[in-house]
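Asks: everything below, folded, please.
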Amino acid sequence: MLEMSSVDHIFHRIHLLIAEGQEDKALAALEQVSASDACQKREAAYLRAWCATLSGHWDAAAALLSGDDGSGQGSVDLQALGQTERRRRAHYLLVLGQTASELGQYEEATRHYTQCIKFLDERRMNISSVRIKACCGLGAAYTQTGFYTLALTQYEDALHLSSTGSAHSKVLDIYVGLCDVHRCLGHFGLALTYGKRALQLCGERADTSLEGRIHTLLGRVCDQMHAFQEAASHYTEALELAKRVHTPVLILTNLTALATVRLEEGLLDEAQCLYEQALECLPCVSDARLVGALYMLGGQLAEADRSANEQAGASFEEAIGCYRKAETAFASTQARAELAEVYGRLAQIFEAAGRQNEAIACWKSAYTLYVRLEESASLLMG
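Replies: Modelled structure (predicted):
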């Protein structure tokens, strides 16, 4: 399931072509794609819509994004969001950013959200509700790509805008974002504060799925604080909520998180059991980042088993196999930090086994990814 298909390879090349400004070549390549499922059709429609915006064909992009092209994305009436094409452009870019994020293309999402905000900065173009959504989307994309300080600025801007009387409905999303980014920055007290505020607001809305997500976030905060009992409590609550509303993504996320906690506690048998339960969820989950995280855990479990047992040959190969699967999953998204970690773990395993050439190759791959992350950070900060 995790092997990158020929269609995925073509999509990867098309993303690069568009980023390099070669829309004509990208569109030509898209004509060669035979999308076989709803996810691939959605990605193809997104790429065509992105090309359309770059060519100035904004309403054509809207037709693609709203599903009028037959891709089955939905029936969002983007045409009704503004009286003129110029005024609708910010809405179109907002949807492009949301779609890119859902596809795991976070660097592309930052481009769309940033351009959206630039349009809103033009004279008589500001729409507060759209600006808040764009700030939240940009904050989430920056968090996913590791630019936490930039993410914090976006969420704080969104919170300030919401406090001036517009779009109070977005406050919950802002609190969730602030909880996550403060967690990533190591500000655990603030992360817990915002997470608990979000949980309180969510309780008032009776949104079971979002409540589960917030418990997952609070579990991660507690996990990083090494408060493993509290972390497990939040993950267990999130897991029960996810099962109640039949949400495979949230079930997989929390089984993986719980297994990680048990591994950190040294409870290998329990961690292995949870990991095997999580593997059963894979056929229902298409999020490559979650799949990669699960196989990262599988590699760590195999390494832990290798350390605990003298007959380590099978565990050694199992760890490598899991990390290779994680590599394939992360490589299909823009998860550079996670992919670099995979290469680092593989390099350490190969070094320990005396396989120096393979270790060097993995260290080089990890280094290249970290350099790219630093270059991206410099461009964003500049």
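
Asks: quick one: the helices in the stretch 51-200 of the chain?
Replies: When secondary structure is read from DSSP state H, counting those that start in this stretch, the stretch 51-200 of the chain shows helices at 58-65, 85-102, 106-120, 128-144, 148-163, 171-185, 188-205.

Asks: now do the first one: which elements does it pack against?
Replies: Same thing as helix 58-65. Contact analysis of helix 58-65 by 3 or more C-beta pairs under 8 Å, 6 or more residues apart in numbering; DSSP states H and E lists helix 38-54, helix 85-102 as its packing neighbours. Heads up, the C-betas are built off the backbone N, CA and C, glycines and all.

Asks: mean neighbour count and mean pLDDT added to those, as JSON lines?
Replies: Shown next, in JSON lines, are the helices and strands packed on helix 58-65 (neighbours: other C-beta atoms under 10 Å; pLDDT from 0 to 100):
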{"stretch": "helix 38-54", "mean neighbour count": "21", "mean pLDDT": "91"}
{"stretch": "helix 85-102", "mean neighbour count": "21", "mean pLDDT": "89"}
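
Asks: let's have these in a markdown table, adding distance to E230.
Replies: Output for the helices and strands packed on helix 58-65, formatted as a markdown table (distance: least, C-beta to C-beta, whole Å):
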| stretch | distance to E230 |
| --- | --- |
| helix 38-54 | 36 |
| helix 85-102 | 29 |
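
Asks: out of the ones you listed, flag the one nearest Y323.
Replies: Shortest separation from Y323 across the helices and strands packed on helix 58-65 is recorded for helix 38-54, at 24.8 Å, computed as C-beta to C-beta.

Asks: need the contact partners of the closest one.
Replies: Around helix 38-54, the neighbours that count as contacts under C-beta atoms under 8 Å, 6 or more residues apart in numbering are 7, 11, 14-15, 18, 21, 23, 26-27, 30, 33, 35, 58, 60-62, 64-65, 67, 69, 71-73, 89, 92-93, 96, 99-100, 103, 108, 112, 286.

Asks: can you select the buried ones among these for me in ChimeraX?
Replies: For selection in ChimeraX, the members of the contacts of helix 38-54 meeting the burial criterion (16 or more other C-beta atoms under 10 Å) are listed in this command:
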select :7,11,14,15,18,23,26,27,30,33,35,58,60,61,62,64,65,67,69,71,73,89,92,93,96,99,100,103,108,112
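
Asks: circling back: for S365, which of the helices of the stretch 51-200 of the chain is the nearest?
Replies: Comparing the helices of the stretch 51-200 of the chain by their distance to S365 (C-beta to C-beta), the top pick is helix 106-120, with 18.5 Å.
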